[in-house]
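> the sequence isn't on hand, but the structure is:
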C-alpha cells in the first residue's frame, strides 16, 4: 500500500515511515494538514495516518476535509492518552481507527493488517458485484409509457425523503429493482440496502429475522443476534411481499414506522432505528384490510407514497425496448453478438400478453437466445396454450383470430361466474347462446 503520514513532529514521521517501510509498504510524509491535502490531490494513497494536534491546525477539521474529498480513504488518527475523547470524536467523523501515542511497531502493523483485510473484503465485494452484473441483465429504469413515466416521477421525487414508500403491482413488474433505484437516489445511498422476504419464513423466524433476538429468547437461540432492522441502519429496509406479513408482527412494524423504535425478541430495551422503509406487494391491501388480514393503521402508515406499477401488457411501448435489452445481454453472455429478432418475432413479442411481466419476458428471451440456430431469431418460443392445449395467455391485439380470443374470454368468464345465467349476463348473451358456444368450443 501507499501510506501518507501526517504529523508535525519529525521524529514521529520518521519512526512511523521506517516501521511502514519495514512492513513492505511505501510511505510518504507531510508536516501539516494543508500539505497533506495537496499531496492527496497529487498522488493516490491507500491509507493515511493523521495527528489530531498539528500545531495551529485542528486535526479534526483536517480529517473532515480529507473525508469530504476522499470518502473511501481509510484515515487512522494519532492521539495522546489525554485526548482519547478526541479520538472517539474522530471515529464519529469517519476515521478508520485511532493509534495511541506512544505506539510500538507491532501496534502499527496490527492496524495496517486490518486495513489490508478490509481492502481485500472490499475488492471481493466488487468482484462479486461484477459477477452478479454479468450474470443478470440490468433493467433500465426508464419508460415510454405514460402510466409508468408518472409512477417513476412520483417515486424519484420521493426518493430523497425519508417517507415510507409502498410499491403495488403484479409479480414480475420490477418492484424490487425500483426499490433499489429509490435507495440509490436517496440520501441514504451510502448505507446498506437490506431485503426481507415476508413469505419466506414462519412467524417466529420472521420476527427474529426482522428485529433480532437475545440468547435464550426461544429454543435454538444460542447467542445474541441482530436483525435486518439493525443491519439496515442508515440505509434502506425493503419488505418484499408485505401483504404476507403475519398479523402478530404488524404492530411491531407499525411502531418502527411511527416511533422509529423496536425491541429484539427476549429483550425489553427499546432501540432506535435510523432506516428508511420501502414495502412491496402484489396483493390488494385495501381488500386485506377489509378481510382482517392486514391492520388498517399499518396500511395508512405505509400509504404515504403509494405507487402501482403497471403490468407489462399495459406498457406496450416498453415491451420491444426491454426485449432488445435482454437480447443484447444474453447475446454477449453467449458470445453471439449478432443475434437479432426478425420482424415476425418482434410482432409476436408485441402481441403477447406477458402475464408473468418482465420476469416472463426475460426468461423467454433467454430461452430464445440459447435455442436460436442462426443469428436471426425467427421464433421466440412463446406458447399461447395451457398444458391442456387451450389458448389462455392472450391479450387484445395479440396475433390470434377472433374465434380464439372469444374462446379465451368465455372460458375466463365461466371460471369466475357463480352460474351459467350470471356468465351469460356478463357476456351480454342469452343462456341458450352460451350453451351452444360451450358445446361448440367443448368447454
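Here it is on my side, so go on. All values reported here derive from a predicted model rather than from experimental measurement.
> now the helices for the stretch 151-300 of the chain?
175-184, 203-211, 228-231, 250-259, 285-291, 296-302 (DSSP state H, counting those that start in this stretch).
> which helices and strands sit right next to the last one?
The helices and strands touching helix 296-302, judged by 3 or more Cβ pairs under 8 Å, 6 or more residues apart in numbering; DSSP states H and E, are helix 250-259, helix 285-291. C-beta here means a position set from N, CA and C on the backbone, and glycine is covered the same way.
> of these, which is nearest residue 116?
Closest approach to residue 116 among the helices and strands packed on helix 296-302 (Cβ to Cβ): helix 250-259, 37.7 Å.
> need the residues that contact the closest one.
With contact meaning Cβ atoms under 8 Å, 6 or more residues apart in numbering, helix 250-259 is reached by 164, 207, 210-211, 229, 239, 245, 261-263, 273, 277, 294-295, 297-298, 301-302.
> contacting residues around the closest residue to residue 210 other than its chain neighbours?
Nearest residue to residue 210 in three dimensions, chain neighbours excluded: residue 227, at 5.1 Å (Cβ to Cβ, 6 or more residues apart in numbering). Listed by Cβ under 8 Å, 6+ apart, the contact partners of residue 227 are 208, 209, 210, 211, 212, 213, 264.
> between those residues, which is nearest residue 94?
Of all the contacts of residue 227, residue 212 has the smallest distance to residue 94: 26.2 Å, by Cβ to Cβ.
> what about that closest one, how many neighbours?
A count of neighbours around residue 212, defined by other Cβ atoms under 10 Å, yields 23.
> and it, how far from residue 241?
As judged by Cβ to Cβ, to the nearest Å, residue 212 and residue 241 stand 21 Å apart.
> just to revisit the earlier point, just flag the most distant two among the contacts of residue 227.
Pairwise distances across the contacts of residue 227 peak at 11.5 Å for 209 and 264 (criterion: Cβ to Cβ).
> these two - which one has more neighbours?
residue 264 (22 against 19).
> got the contact list for the residue most central in space within the chain?
Nearest residue to the geometric centre of the chain (Cα atoms, centre = their mean): residue 180, 3.4 Å. Residue 180 makes contact with 193, 238, according to Cβ under 8 Å, 6+ apart.
> from the middle of its chain, how far away would the longest helix seen in the chain be?
The single longest helix within the chain, with elements called by DSSP state H, is helix 105-135. Relative to its chain's centre, helix 105-135 lies at 22 Å (Cα atoms, centre = their mean, to the nearest Å).
> correct me, but residue 166 touches residue 302?
Yes: with contact defined as Cβ atoms under 8 Å, residue 166 and residue 302 form a contacting pair (4.7 Å).
> shared neighbours of the two, anything?
With Cβ under 8 Å, 6+ apart as the test, residue 166 and residue 302 both reach 242, 279, 285.
> surely the last one is in contact with residue 300?
No: with contact defined as Cβ under 8 Å, residue 285 and residue 300 do not form a contacting pair (10.0 Å).
> who has more neighbours, those two?
Comparing residue 285 with residue 300 by other Cβ under 10 Å, the one with more neighbours is residue 285, at 21 against 11.
> residues in contact with the more buried one?
Shown in contact with residue 285 (Cβ under 8 Å, 6+ apart): 166, 168, 243, 294, 299, 302.
> distance check, residue 116 against residue 44.
16 Å.
> give me the more crowded residue out of those two.
Neighbour tally, residue 116 and residue 44, criterion other Cβ under 10 Å: the higher count belongs to residue 116, 15 against 8.
> ok, the more buried one - contacts?
residue 1.
> can you report how many residues neighbour the closest residue to residue 275 other than its chain neighbours?
Nearest non-adjacent residue to residue 275, counting by Cβ to Cβ, 6+ apart: residue 232, 4.3 Å away. For residue 232, the neighbour count with other Cβ under 10 Å is 24.
> might one say that residue 232 is in contact with residue 239?
No: under the criterion of Cβ under 8 Å, residue 232 is not in contact with residue 239, lying 10.4 Å apart.
> rewinding a little: which parts of the longest helix of the chain are buried?
For helix 105-135, a neighbour-count test (16 or more other Cβ atoms under 10 Å) marks 108, 111, 112, 115 as buried.
> tell me where the stretch 51-200 of the chain has strands.
Assigned by DSSP state E, counting those that start in this stretch, the stretch 51-200 of the chain shows strands spanning 53-54, 57-58, 75-80, 97-101, 165-168, 193-197.
> adjacent strands (with direction) for the longest one?
Spelled out, that is strand 75-80. Note on strand 75-80: by DSSP bridges, its sheet partners are strand 47-51 (parallel), strand 97-101 (parallel).
> so it versus helix 105-135, what angle?
On the basis of axes from the mean of the first three to the mean of the last three Cα atoms, to 10 degrees, strand 75-80 is oriented at 160 degrees to helix 105-135.
> chain center to strand 75-80: distance?
36 Å.
> do the fifth one as well
Averaging C-alpha positions (Cα atoms, centre = their mean) puts strand 165-168 14 Å from its chain's average.
> which other helices and strands contact that strand?
Secondary-structure packing of strand 165-168 (3+ Cβ pairs under 8 Å, 6+ apart): helix 175-184, strand 276-281, strand 305-308.
> would you mind finding the most buried of these?
Ranked by mean neighbour count, the helices and strands packed on strand 165-168 are led by strand 276-281 with a mean of 25 (mean count of other Cβ atoms under 10 Å).
> what packs against it?
Counting by 3+ Cβ pairs under 8 Å, 6+ apart, the packing neighbours recorded for strand 276-281 are strand 165-168, helix 175-184, strand 236-240.
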